[in-house]
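Participant: Make a model of this:
(chains A and B)
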Amino acid sequence: MIGRLRETMLRFGRAHRSTLLFAVVIGSALVALFEGAAWRRAVATNDAIEALRAGRDVPIDFEAPPEALLARIAYLAKHDHLDQARDFLEALDRRGNASIRAHAHYLFANALLRTALEHIEKSDLEAAGPFVNLSKREYRRALQLDPDFWDAKFNIDVAARLVRDFPDFERKSGDELSADPKKLWTDIPGKPKGLP
Amino acid sequence: MRVGLLTILSLLWAFPAKADDARVNIHSARPFGYFVGDLIRARVEVTTSADATLVAASLPHPGPLSISLDIKAVEIHATMIGAEKRWDLDLVYQNFYVALDARNIEIPGFELRFGDETVPIPAWSVGVAPLREIAPAKQERPEDYLRPDSPAVFASETQPERLAITFGALSILVLGAVGRDRAWPPFQSRRERIFNALARELATKAHGGANAFPDAIQSLHRTIDRANGGALLGEDVCKFLARRPEFASLQPSFDRFYAASRSEFFSEDKADNYGFKELLDFARALARQERAQ
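Facilitator: Purely as a prediction, here's the structure:
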């Protein structure tokens, strides 16, 4: 059975060798052209990323490859154009893979948190609050996309200590704690040792 | 004594109620040591009677569950165990509670509905832990408390580059094979492809002058003679075809060609219905048959 099939295929191959060879030439040439175009695009993208990293304002459109969008977001976030960065973040969310999107949300959250820290340094606490909360949301988004993103875990910790969320269970146990004055100090370093 | 008796009594009272009811077990990969962002995997096993069917709408839905807890994935499959059915509900939670100290957080319970029967899944708890010390070392600038921005991600150049080069080289190689197969230069003098070389040569002379046609007939004769290994006359075509069966299907064309050749060179009234085009078609058909070998 298999022998006969092999024989048939060999005969077919011999009879149409000429055509088959020609088809292979056309097919492989098309693949080579396609991959060549992809290669050129990748080189152009990486040049743009390199330029953005060096601090040059290279325009990138929303249809660019995800890596270029990420580099643009990094550039905009670094130069405090947060609104524009958010537009690119939305464009990236529609197309990029989870890892790149997680990085983009992390970069954006870092920029938000740095803005908040600047406000705090100027003692403008009211302005800082919303930025901290927005950054927490973006870190959470990054962690949803990549649960093993340790830098995002660390920085959400920093942000969450600036402005605490109060889940229900914490509020409950918080009330219990404050009822006992001796326990009031347990969490705070440098607990006074002398007179209360 | 009385307490012991009461305990036994209450156990006796409680046991049948439990056996009648669906039974619930919750297993978690580990009940402690979760940082912010970590995935908490749990399996809820519910044992029901064999004919129970789960109301799919009563399953928890992936999405945010509370301010500090997400549910990421819900999967259920049922297996028959004896006369009972066990429902394995695999749940993946994600913790977003930023702990200041190691403490337990509560994973809320929910209810599963099997037909009219409702099975409560109780709340359970896992231990979360902080990532940083309560009072980190003092930094000069506030940004220094943060982890730095992630490095740039570059597009992959090597894969398309490698594929483009490989397929480019492949197409050039196969193009060489096509050229050899069709006796394109520099393979025009290949012995196995004399008709291919001839067909190419004739195609270039198709729009030559008045002498083109007789010249073409002569070159075709010469090529057939080469294939035959000696001059081939019209009467011997059958013998030639017996030796080269690949050309047997072209016998009518052979006969027409020999007749046309005879009238072209040895007769006064020329057979004008046999033109250059038919000659070229014949040469091409010969080339095709030659290639199919």
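Participant: mind giving me the domain split of the chain?
Facilitator: Since you didn't name a chain, this refers to chain A. Domains of chain A are assigned by automatic domain parsing as A:1-58, A:59-167.
Participant: hmm, I had chain B in mind actually
Facilitator: For chain B, the domain assignment from automatic domain parsing gives the residue ranges B:21-131, B:173-291.
Participant: I'd assumed residue A:109 was in contact with residue A:131.
Facilitator: No. The pair residue A:131 / residue A:109 is not scored as a contact, 10.0 Å apart, by Cβ atoms under 8 Å. Backbone N, C-alpha and C define where each C-beta goes, glycine included.
Participant: re earlier: got TSV for the domains of chain B, with mean neighbour count too?
Facilitator: Putting the domains of chain B into TSV (neighbours: other Cβ atoms under 10 Å in any protein chain shown) gives the following:
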stretch	mean neighbour count
domain B:21-131	16
domain B:173-291	15
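Participant: Out of those, which gets nearest to residue A:37?
Facilitator: Within the domains of chain B, the stretch nearest residue A:37 is domain B:173-291; the backing value is 20.2 Å (Cβ to Cβ).
Participant: need the longest helix for the chain.
Facilitator: All of this refers to chain A. Taking DSSP state H as the assignment, the helix of chain A that covers the most residues is helix A:17-53.
Participant: wrong one, I was asking about chain B
Facilitator: Among the segments of chain B that qualify as a helix by DSSP H, the longest is helix B:158-181.
Participant: circling back to that earlier point, pick out the shakiest of the domains of chain B, pLDDT-wise.
Facilitator: Per-segment confidence across the domains of chain B bottoms out at domain B:173-291, which has a mean of 82 in mean pLDDT.
Participant: end-to-end on it?
Facilitator: Terminal residues of domain B:173-291 lie 18 Å apart, using Cα to Cα, to the nearest Å.
Participant: That one vs chain A: in contact?
Facilitator: Yes. Domain B:173-291 reaches chain A (Cβ under 8 Å from any Cβ of the partner chain) through B:174, B:175, B:177, B:178, B:181, B:182, B:288, B:291.
Participant: now residue B:45, what's its secondary structure?
Facilitator: Going by DSSP: H, G, I helix; E, B strand; the rest coil, the secondary structure assigned to residue B:45 is strand.
Participant: Do I have it right that it meets residue B:77?
Facilitator: No. The pair residue B:45 and residue B:77 fails to qualify as a contact (Cβ under 8 Å) at a distance of 11.2 Å.
Participant: quick revisit: and the longest helix of chain B, how far out from the chain's middle?
Facilitator: Mean C-alpha position of helix B:158-181 versus that of the full chain (Cα atoms, centre = their mean, to the nearest Å) differs by 22 Å.
Participant: one step back: for residue B:45 and residue B:77, list the residues in contact with both.
Facilitator: Counting by Cβ atoms under 8 Å, 6 or more residues apart in numbering or on different chains, the contacts common to residue B:45 and residue B:77 are B:87, B:88.
Participant: thinking again about what came up before, tell me the most buried of the domains of chain A?
Facilitator: Each of those was scored by mean neighbour count; the highest is domain A:59-167, a mean of 20, by mean count of other Cβ atoms under 10 Å in any protein chain shown.
Participant: re earlier: could you dump the domains of chain A into JSON lines with mean pLDDT and distance to residue B:190 added?
Facilitator: Listed next are those as JSON lines, based on pLDDT from 0 to 100; distance: least, Cβ to Cβ, whole Å:
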{"stretch": "domain A:1-58", "mean pLDDT": "88", "distance to residue B:190": "14"}
{"stretch": "domain A:59-167", "mean pLDDT": "89", "distance to residue B:190": "48"}
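Participant: Can you redo these as TSV, where the extra columns are distance to residue B:159?
Facilitator: TSV is the format used below for the domains of chain A (distance: least, Cβ to Cβ, whole Å):
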stretch	distance to residue B:159
domain A:1-58	8
domain A:59-167	14
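Participant: which bits of the stretch 1-150 of chain B sit near chain A?
Facilitator: The stretch 1-150 of chain B has residues B:35-39, B:66-68, B:70, B:72, B:94, B:96-98, B:100-101, B:103, B:105-106, B:130-132, B:134-135, B:142-143, B:145-150 near chain A, with proximity defined as Cβ under 8 Å from any Cβ.
Participant: One more pass at 7 Å, please.
Facilitator: B:35-39, B:66-68, B:70, B:94, B:96-98, B:100-101, B:105-106, B:131-132, B:134-135, B:142-143, B:145-147, B:149-150 (Cβ under 7 Å from any Cβ of the partner chain).
Participant: before we move on, the earlier item: of all the residues of domain B:173-291 next to chain A, which comes closest to residue B:23?
Facilitator: Checking those against residue B:23 with Cβ to Cβ, the nearest one is residue B:174 at 67.5 Å.
Participant: residues in contact with residue 53?
Facilitator: Unless you meant another one, I'm taking chain A. For residue A:53, the contacting residues are A:71, B:152, by Cβ atoms under 7 Å, 6 or more residues apart in numbering or on different chains.
Participant: look at chain B instead
Facilitator: For residue B:53, the residues meeting the contact criterion (Cβ under 7 Å, 6+ apart) are B:114, B:115.
Participant: cool, the one 5 residues further on as well?
Facilitator: With contact set as Cβ under 7 Å, 6+ apart, residue B:58 has these partners: B:111, B:112, B:113.
Participant: cool, and residue A:9?
Facilitator: Taking Cβ under 7 Å, 6+ apart as the criterion, residue A:9 is in contact with no other residue.
Participant: follow-up on the earlier one: what's in contact with the longest helix of chain B?
Facilitator: Applying Cβ under 7 Å, 6+ apart, the set of residues contacting helix B:158-181 is A:17-18, A:21-22, A:24-25, A:28-29, A:31-32, A:35-36, A:38-39, A:42, B:187, B:291.
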